[in-house]
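Chemist: Give me a model of this one.
(one chain, ligands or ions: 1)
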Amino acid sequence: MAKKSSGAAAPRKARTSGQSSSQVDRAQPRYKNPKIDDMARDTVDPGEAMTGNQGVRIRDDQNSLKAGLRGPTLMEDFHLREKITHFDHERIPERIVHARGAAAHGFFQAYEDLSDLTMAGVLNDPKRQTPVFVRFSTVAGSRGSTDLARDVRGFAVKFYTEEGVWDLVGNNMPVFFIQDAVKFPDLVHAVKPEPHNEMPQAASAHDTFWDFVSLTPESAHMLMWVMSDRAIPRSYATMEGFGVHTFRLINARGKARFVKFHWKPVKGIKSVVWDEATKISGKDPDFHRRDLWESIERGDYPEYELGLQIVEEKDEFKFDFDLLDPTKIIPEELVPVRRVGRLTLNRNPDNFFAETEQVAFHTGHVVPGIDFSNDPLLQGRLFSYIDTQLRRVGPNFAELPINRPINPVRNNQRDGMGRTTINQGRVSYFPNRLGGGCPMHSPEAAEAFLSRAEKIEGAIVRQRSPSFSDHFSQATQFWNSMADWEKQHIAEAFAFELNQVENEEVRHHVMNELLVNIADELAEKVSVQTGIAIAPVGNAKNPTPSAPTPSGPLKPGAKKLVSPALSQDRPGTTIKGCKVALLGGEGVDARQLKAVKDALLAEGALPELIAAQAGTVADSAGKQQKVNRAAPNAPSVVYDAVVILGGASAAALTQSGLAIHFVNEAYRHGKPIAALGDGLQLLETCSLTDATAEDGVITGDGAEAIAAFLEAMLQHRFPRRAIEGVPA
Ligand code: HDE
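Modeler: Next comes the predicted model:
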């Protein structure tokens, strides 16, 4: 029989009126060892018998009930019907956006007491470990699409705080395409596969997307992020996260301040290159999901620091941009990011559907001490998320184990599809005498939510504030802040996308209404790669359809704006979790193999010996070495770096098409390469012997070469190599 695990066996507390059994059990604190719901865990121990859903033992689950051995199946076969009907209903609608995702459990802990800023316990008690569930996602693709699409990544965090659930539903980019929620369905319709033929999957490189953005100049800044390497992260552990909107923090004295939320990955920001991304999409479309799962399984927990940018309410208007405009960042150089706590992801879900699919985030899930701003995109989201969860997961989505708060839920909401609580008593209304006035309001309690007392006045208008009209300054700032190789990648990304666009008018408008307004250098680079002429638009032959959001004049000095914090051009501090291919075979140099493996393992990197076939190979000392992957199963794109080992295997590698392709491709993608001893032969075959350690290509034999290789790995990529040689 299916066995309920520990929670079910635990002694129950006495119930209080209006509480269900599961609500009582969930009230027990779980901070030390956060588990989402012991009650709901269902495991089958070995030897236990199968039953149907009504508990009846099943004699035979492999043959349906038939009239005669070769006869028709009988309607009365209730087991067959129950099993098949359940199967027929096994799916819920996939999310309209962010359908493809992966998630993990963990905890958040503040570094210090921030009660001067907020009364949110999660931020003002450094002794607390608040359980969290974090779901990462792509936006445009369906649930089965590739992880490596060029796209924004969702970074949604559910904090199960003692004062209720707080969802920080963010992205890995700090701005968004549009300024007003009313445009969101249009944006999503434009970027999703085109409706007549449902192509292309998980890609913005098609006509409808570029048609829409060419008429939506407010998207210029976000386009820069999406065309940059931020849109193709190496892993979820190596990307930033942002709350995007301006929110508010409120302290116990009722003082409010504006805040922007940031997640800073402890491993630094790392990306792949576009050619690599497209290939990983074929070789391992689960690349990010797998990386998250495996790193948690081996104890290499993804970690992020929570950063806050705080702006006093009196300073609301001191910037060149509007704090309520979600297409703008507050440059870190203007308001530093204060790091206030750490998020650690340390447990994989037990069940993808019950947790990762059914988790229901909502920007409106906030706790006392955290409040909204009037950002019109955020205001629209406050409506959309509850609506989408009701449709997708059902009216009782909040009762599901993954969504329930850890503190008790007590209210008069009842019934509805999929209700799991058995509410007791006859009182389900307020005010009441029959229930002793319970559950009651808490007008005085500090832990009761109190909305900000914000003074609002103005006429009812369907207009945008003129303070939202500068669409290009920060796009230009992003471009100005990039290193040469980052600029190259951005220009190549625009060119790739526009070369997929068939409509000449759309291509022309992107160039002449967006790119030329961002940076001449960008427009020129893209023009060369696409053949799109830089020419004024709006003449009679080529009229500009009236853009719904006209942009204002470029601010004086905008062309010079720079924010160095936006660049990824910084070496990392760790190579932990980096995958390193060790190319070898029969007779591989035993000393080199051991030395390089030991050095990598000591840094937490993941060396894998690759040989022509799976199984084992004898090293130069005659010892059998386990082959971690056979060459056909080991594409270079899933590794961060490569070592060509010496020994008798070195000559054989020069005859292997797979090995030659491996090294050439790794070189082209800017990866660190070491050729130890005779391993040099393969570099010669690939005509790469001119490459130097400065290019991340290390040759030699011994501790010095290995140390230089580890140093090169901190760089992660040598992208300039691609600029000066073959483009990546
Ligand atoms: Fe979302 N968004 N969004 N979004 N969003 C959804 O909710 C929506 C926006 C984000 O892992 C949906 O449960 C509107 C910005 C993430 O489950 C839906 C607008 C940001 C996730 C929805 C936005 C996000 C979603 C679809 C414009 C970054 C995945 C399924 C006003 C700050 C959460 C669902 C998960 C999901 C609506 C814009 C982030 C339909 C109307 C800006 C990370 O409710």
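Chemist: Quick check: the gap between the residue nearest to Ile610 when sequence neighbours are not counted and Gly677.
Modeler: Of all residues not flanking Ile610 in the chain, Ala634 sits nearest, at 4.6 Å (CB to CB, 6 or more residues apart in numbering). To be clear about C-beta, it is placed using only N, CA and C from the backbone, and glycine gets the same treatment. Computed as CB to CB, to the nearest Å, the Ala634 to Gly677 distance reads 21 Å.
Chemist: Mind checking which of these two has more residues around it?
Modeler: Ala634 (22 against 19; other CB atoms under 10 Å).
Chemist: do you know how far the more buried one is from the ligand?
Modeler: For Ala634, the distance to the ligand equals 32 Å [CB to the nearest ligand atom, to the nearest Å].
Chemist: same deal with Gly164?
Modeler: In terms of CB to the nearest ligand atom, Gly164 sits 19 Å off from the ligand.
Chemist: So for the chain, which residue is the most central one in space?
Modeler: Phe136 (3.3 Å; CA atoms, centre = their mean).
Chemist: In three-state terms, how would that one be classified?
Modeler: strand (DSSP: H, G, I helix; E, B strand; the rest coil).
Chemist: again with Ala102
Modeler: Relying on three-state DSSP, one would call Ala102 strand.
Chemist: For it, which non-adjacent residue is closest in space?
Modeler: Arg289 (3.9 Å).
Chemist: hang on, the one you found in a helix?
Modeler: Yes: under three-state DSSP, Arg289 falls within a helix.
Chemist: Break this structure into its domains for me.
Modeler: 66-399, 479-566, 579-722 (automatic domain parsing).
Chemist: By mean pLDDT, show me the worst of the ones you listed.
Modeler: Ranked by mean pLDDT, the domains of the chain end with domain 479-566 at the bottom, a mean of 86.
Chemist: Show me how far that domain is from its chain's centre.
Modeler: 27 Å (CA atoms, centre = their mean, to the nearest Å).
Chemist: And for stretch 589-597?
Modeler: Centroid separation for stretch 589-597 versus its chain: 36 Å, with CA atoms, centre = their mean.
Chemist: residues of it that come out buried?
Modeler: Asp589, Ala590, Arg591, Gln592, Leu593, Ala595, Val596, Lys597 (16 or more other CB atoms under 10 Å).
Chemist: So which of those residues sit within helices?
Modeler: Among these, the members falling in helices (DSSP state H) are Ala590, Arg591, Gln592, Leu593, Ala595, Val596, Lys597.
Chemist: re the thing from before, ok now do the residue nearest to the centre of the chain, which residues does it touch?
Modeler: Contacts for Phe136 (CB atoms under 8 Å, 6 or more residues apart in numbering) come out as Gly101, Ala102, Ala103, Arg153, Gly154, Phe155, Ala156, Tyr236, His288, Leu292.
Chemist: circling back to that earlier point, I'd like to know which of the domains of the chain is closest to Arg57.
Modeler: Arg57 lies closest, by CB to CB, to one member of those: domain 66-399, at 10.6 Å.
Chemist: For the stretch 51-200 of the chain, which residues are neighbours of the ligand?
Modeler: Contacts of the stretch 51-200 of the chain with the ligand, taken as CB under 6 Å from any ligand atom, map to 95-98, 101, 135, 137, 154, 156, 169-171, 176, 181, 184.
Chemist: so what's Thr590 up against?
Modeler: Careful, residue 590 is Ala; it's not Thr. Asp619, Ser620, Ala621, Lys623, Gly647.
Chemist: Now which of those residues would you call buried?
Modeler: Neighbour-count burial (16+ other CB under 10 Å) is assigned, among the contacts of Ala590, to Asp619, Ser620, Gly647.
Chemist: Leaving out the residues flanking it, which one is nearest to the first one?
Modeler: So that's Asp619. Nearest non-adjacent residue to Asp619 (CB to CB, 6+ apart): Ala590, at 3.9 Å.
Chemist: I'd like the distance between that neighbour and Gly647.
Modeler: 8 Å.
Chemist: near the ligand, which residues of the protein show up?
Modeler: Counting by CB under 6 Å from any ligand atom, the chain comes close to the ligand at 95-98, 101, 135, 137, 154, 156, 169-171, 176, 181, 184, 244, 326, 359, 361, 377, 380-381, 384-385, 388.
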